[in-house]
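Asks: Build me a model from this:
(chains A and B)
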Amino acid sequence: MPALDPEFDAWGSLWRSQSRPIPHERSEEMLEKVKDRSRKFDRTILWRDAREALAGLFVAGVWAWVSWLAPGWWPKIGAAAATACVLYVLARLWRARRRHGQVREDLPLAERVRAEIAKVEAQADLLRTVRSWYMTPLALGSTIWLASLVPAIGLSPGLTAAGVAAAVCFSGVLFSAVGWAVVRLNDYVARTQLDPYREELQQLLR
Amino acid sequence: MNPADLERRFLELVERNEARIFRICRAWARNPADFEDLRSEVLLQLWRSLPSFDGRSAEDTWLFRVALNVAMLFRRRERGRHERLDLFRRRAPERDAASDPSVRVDSRDRLDRLTAAIAGLDPADRALVTLQLEDLSYAQIAEVTGLGESHVGVRLHRIRKKLAQAMAEDEEVRDARP
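Replies: Have a look, this model is predicted:
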């Protein structure tokens, strides 16, 4: 290494003269605290993943149940398609989590920052494309199920053409309203939180 | 590695590098509460990363990687750089006098100024200068950061100039005070 200026050498000595962490806790106490935090961290991740999976599986289960009880083959196929769409959403979330979830902290700094940028970009992409991978499959699944009820009109005593038409209109309006809100909210989060963070990370690499 | 070995290895690692961890946290935290949070986070990530430490890099290189990765990303919670700097300048003397008896009174002022000047640097520059103040060679700094050795040299030359300028300006402001 080339010789540094004496002033910087003096700063280095001064810097390294700070050597006593205050307050100084006992090693065993520190270890217990660290282990406790680590366990809490693992539990938090586990519960977050479990909540997400359970919520998805619950919805998929409801559709599977509807499929089981549905009158005739077409409604059964429609509800099964909806189940498949919910499972697709779950799988998409799970894959994104697997690919970018845990980044090693002992990577060289530049590599770690690049990994963080990739993670943030994947999150932003997931939020921005929510229409295609989340809203569309769910809308598609429900539409297939509702459409599949049409051939069953007349077979089931409670099922009338007017009832199915009303359900289609209602679900159309509901999906449009909820979909619009979900897309706007996701876009807002990506724009106001993830984009500035990505920019901040990119600055680190310049 | 069995749990007892892991615990022993972790305690030895922290004991050997306590001062380094302290100094990194000091360079990156803007107040005492931040310092404690950052130190806990660094210790947590050292503990979680230790099982995957395979000895291919030197222990201190590995430690600096973990600590600086945590410190650099810890800063996302903070606000604008200028606000950070102002806060740091306001709080630094109060914190140092109370919390760091290892540094002699006549050195505290210089250390405060140095710390404030480091706090004014961009995060990447701050990481580089922190490593050089820790007496790492350009090759070691390159290994920690993942940058090329010559790139490290060029950048550090520029950062040292910036740091010297900040220190000189601070001195002028102090001298001008009645």
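
Asks: Just checking, which helix or strand of chain A averages the lowest pLDDT?
Replies: helix A:136-149 (a mean of 81; mean pLDDT, DSSP states H and E).

Asks: List the buried residues of that one.
Replies: A:P137, A:L138, A:A139, A:G141, A:S142, A:T143, A:I144, A:W145, A:L146, A:S148, A:L149 (16 or more other C-beta atoms under 10 Å in any protein chain shown). Placement of C-beta: from N, CA and C, glycine included.

Asks: now the fifth one: how far from chain B?
Replies: The gap separating A:S142 from chain B is 39 Å, by C-beta to the nearest C-beta, to the nearest Å.

Asks: what residues are up against that residue?
Replies: By C-beta atoms under 8 Å, 6 or more residues apart in numbering or on different chains, the residues touching A:S142 are A:A82, A:S171, A:F175.

Asks: try 10 Å
Replies: By C-beta atoms under 10 Å, 6 or more residues apart in numbering or on different chains, the contact set of A:S142 is A:W63, A:G78, A:A79, A:A81, A:A82, A:C85, A:A167, A:V168, A:S171, A:G172, A:L174, A:F175.

Asks: same thing with the last one?
Replies: Applying C-beta under 10 Å, 6+ apart, one finds that A:L149 lies in contact with A:70-72, A:74-75, A:78-79, A:155-156, A:159, A:161, A:163-164, A:167-168.

Asks: could you point out which element follows the helix or strand in which A:W94 is found?
Replies: According to DSSP states H and E, A:W94 maps onto helix A:73-100. Using DSSP H and E, the helix or strand that follows helix A:73-100 in sequence is helix A:109-128.

Asks: quick one: average pLDDT of the next helix or strand after that following helix?
Replies: Using DSSP H and E, the helix or strand that follows helix A:109-128 in sequence is helix A:130. Per-residue pLDDT over helix A:130 has a mean of 90.

Asks: which other helices and strands contact helix A:130?
Replies: helix A:161-189 (3 or more C-beta pairs under 10 Å, 6 or more residues apart in numbering or on different chains; DSSP states H and E).

Asks: go again using 6 Å as the cut-off
Replies: With contacts taken as 3 or more C-beta pairs under 6 Å, 6 or more residues apart in numbering or on different chains; DSSP states H and E, helix A:130 sits against no other helix or strand.

Asks: What is the three-state secondary structure of B:R56?
Replies: Secondary structure, DSSP: H, G, I helix; E, B strand; the rest coil: B:R56 is coil.

Asks: State the distance from the residue nearest the centre of chain B to B:F35.
Replies: Residue closest to the average C-alpha location in chain B (C-alpha atoms, centre = their mean): B:I24, at 2.6 Å. B:I24 is 10 Å from B:F35, where distance means C-beta to C-beta, to the nearest Å.

Asks: Output the below-cut-off pLDDT ranges for the chain.
Replies: With no chain named, the answer covers chain A. A:1-4, A:20-25, A:152-157 (pLDDT under 70).

Asks: meant chain B actually
Replies: By pLDDT under 70, the weakly predicted segments of chain B are B:75-106, B:177-178.

Asks: Within range of chain A, give me the residues from it.
Replies: B:11, B:18-19, B:22-23, B:43-45, B:47-49, B:62, B:65-66, B:68-69, B:99, B:102-103, B:111, B:114, B:123-124, B:133, B:137-138, B:145-147, B:160 (C-beta under 6 Å from any C-beta of the partner chain).

Asks: Count the residues that sit near B:L131.
Replies: 24 (other C-beta atoms under 10 Å in any protein chain shown).

Asks: isn't it right up against B:E143?
Replies: No. Taking contacts as C-beta atoms under 6 Å, B:L131 lies outside contact range of B:E143: 10.0 Å.

Asks: what about the residue nearest to A:Q203 when sequence neighbours are not counted, how many residues close to it?
Replies: Spatially, and ignoring its direct neighbours in sequence, A:Q203 is nearest to B:D122 (7.0 Å; C-beta to C-beta, 6 or more residues apart in numbering or on different chains). By other C-beta under 10 Å, the residues close to B:D122 number 14.

Asks: for B:D122, phi and psi?
Replies: phi -60, psi 150 (degrees, to the nearest 10).

Asks: For A:L126, give its distance to chain B.
Replies: 19 Å.

Asks: Find the nearest non-adjacent residue to that residue, please.
Replies: A:A96 (5.7 Å).

Asks: Roughly how far does that neighbour sit from chain B?
Replies: Counting by C-beta to the nearest C-beta, the separation of A:A96 from chain B is 20 Å.

Asks: which strands and helices sit next to the helix ranked longest in chain B?
Replies: Ordering each helix of chain B by length in residues (DSSP state H) puts helix B:149-176 first. Packing contacts for helix B:149-176, counted by 3+ C-beta pairs under 6 Å, 6+ apart, involve helix B:105-119, helix B:123-133, helix B:138-145.
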